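Enquirer: Provided below are the primary sequence and the corresponding predicted coordinates.
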Amino acid sequence: MNGKKSYSCIVLSGGMSRRMGQDKGSMIIQDKPMILHILEKLNYKINDAVIVLNNSERIGIYKNLLNQYCTGDIGDNFDYELSFIEDEVKEKGPISGIMTGLKNIKTDYALILPCDSPFVSEDNIETMFAILEDNISSSPDAIIPFHIKSNKDKHKYDEEFNFKSAREMPLEMKIQNSEPLHSIYKKSNLVNIKSLLEEDNLFVKSFIRSLDNPKFVEVDNKTLFSDDFKNLNRQEDIDNLGL
């Protein structure tokens, strides 16, 4: 681990996987665990990665699994420091995983990635950190990708509002069409998440609304690619891959 990179990554692996019916991050996709696809793509891009799991038993399972598929010691396979952390607040969804991860990263910013996105590309990861680097002087609270997802919002974007650029899109529309689990967040935002958890407000998009200085980046398939944000949530998603 070279320890010279400026940023971190949090891999969210604490979900209950109810729609899939089994633990997603440990599923074998193209001859290796889903989570290993992600970890390998982080090499030479980050200082440290935190895998957040919901209990100590699953931490043991993931360590054993990676031992089976990695060469030698787990840490020897990655150019960054890797740690496994138990979710601090149980059964509160990804927002608690983000909080746990931010508490344990060793830099000021972390890219969030869910364990069920094995096909996120190295280009997208590098581009996200490059965008952060370009905006670091303004100390952004987050770098948040967004793209029009619903037909309703597409109609507003194309016709009703006649936006000349994505920058003219209303903030709430950006939030509604954002990719909050593929965003970069600043560690100091921990206080915002704590307040939301105290209110039992578990929506990650509520967290985005609480930020004072977020940077939204349009996914235009030139700089960031929409396919990179696809999740494998159900068995049919796996089946449709044709692997």
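Expert: Nice, I can see it.

Enquirer: only C-alpha atoms for contact and neighbour calcs from this point on.
Expert: OK.

Enquirer: which residues in the chain form strands?
Expert: 8-12, 28-29, 32-33, 48-53, 81-86, 109-114, 142-146, 184-186, 214-218 (DSSP state E).

Enquirer: for the second one, the distance to its chain's centre please.
Expert: In this case it means strand 28-29. 19 Å (Cα atoms, centre = their mean, to the nearest Å).

Enquirer: can you check the fourth one too?
Expert: Computed by Cα atoms, centre = their mean, the chain-centroid distance of strand 48-53 equals 11 Å.

Enquirer: Packing partners of it?
Expert: strand 8-12, strand 81-86, helix 94-104 (3 or more Cα pairs under 8 Å, 6 or more residues apart in numbering; DSSP states H and E).

Enquirer: L113: which of the ones you listed is closest?
Expert: L113 lies closest to strand 8-12 among those, at 4.9 Å (Cα to Cα).

Enquirer: Please enumerate residues in contact with the closest one?
Expert: 46-53, 94, 97-98, 101-102, 105-115 (Cα atoms under 8 Å, 6 or more residues apart in numbering).

Enquirer: if we can go back for a sec, what would the helices and strands packed on strand 48-53 look like in JSON lines with mean neighbour count and mean pLDDT?
Expert: Output for these, formatted as JSON lines (neighbours: other Cα atoms under 10 Å; pLDDT from 0 to 100):
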{"stretch": "strand 8-12", "mean neighbour count": "28", "mean pLDDT": "97"}
{"stretch": "strand 81-86", "mean neighbour count": "18", "mean pLDDT": "96"}
{"stretch": "helix 94-104", "mean neighbour count": "23", "mean pLDDT": "96"}
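
Enquirer: so which of these comes closest to L224?
Expert: strand 8-12 (17.8 Å).

Enquirer: what separates the closest one from the chain centre, distance-wise?
Expert: 6 Å.

Enquirer: Direction included, what does that strand pair up with?
Expert: strand 48-53 (parallel), strand 109-114 (parallel) (DSSP bridges).

Enquirer: Just the CA atoms of the first one, as CSV, please.
Expert: What follows is strand 48-53 as a C-alpha-only set of coordinates in CSV (Å, rounded to 0.1, in the frame of the first residue of the first chain):
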residue,chain,number,x,y,z
ASP,A,48,-7.7,3.4,2.1
ALA,A,49,-11.0,1.5,1.7
VAL,A,50,-13.5,0.7,4.4
ILE,A,51,-15.9,-2.3,3.8
VAL,A,52,-19.0,-1.7,6.0
LEU,A,53,-20.8,-4.9,7.1
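
Enquirer: Including distance to S195, could the strands of the chain go into CSV?
Expert: Output for the strands of the chain, formatted as CSV (distance: least, Cα to Cα, whole Å):
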stretch, distance to S195
strand 8-12, 20
strand 28-29, 37
strand 32-33, 35
strand 48-53, 20
strand 81-86, 20
strand 109-114, 20
strand 142-146, 18
strand 184-186, 16
strand 214-218, 18
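
Enquirer: Where does pLDDT dip in this structure?
Expert: By pLDDT under 70, the weakly predicted segments of the chain are 1-4, 15-22, 149-167, 232-243.

Enquirer: circling back: closest to M27 out of the helices and strands packed on strand 48-53?
Expert: That would be strand 8-12 among the helices and strands packed on strand 48-53, by Cα to Cα, at 14.7 Å.

Enquirer: The closest one versus helix 94-104: what angle between them?
Expert: 150 degrees (axes from the mean of the first three to the mean of the last three Cα atoms, to 10 degrees).

Enquirer: Done for today, thanks.
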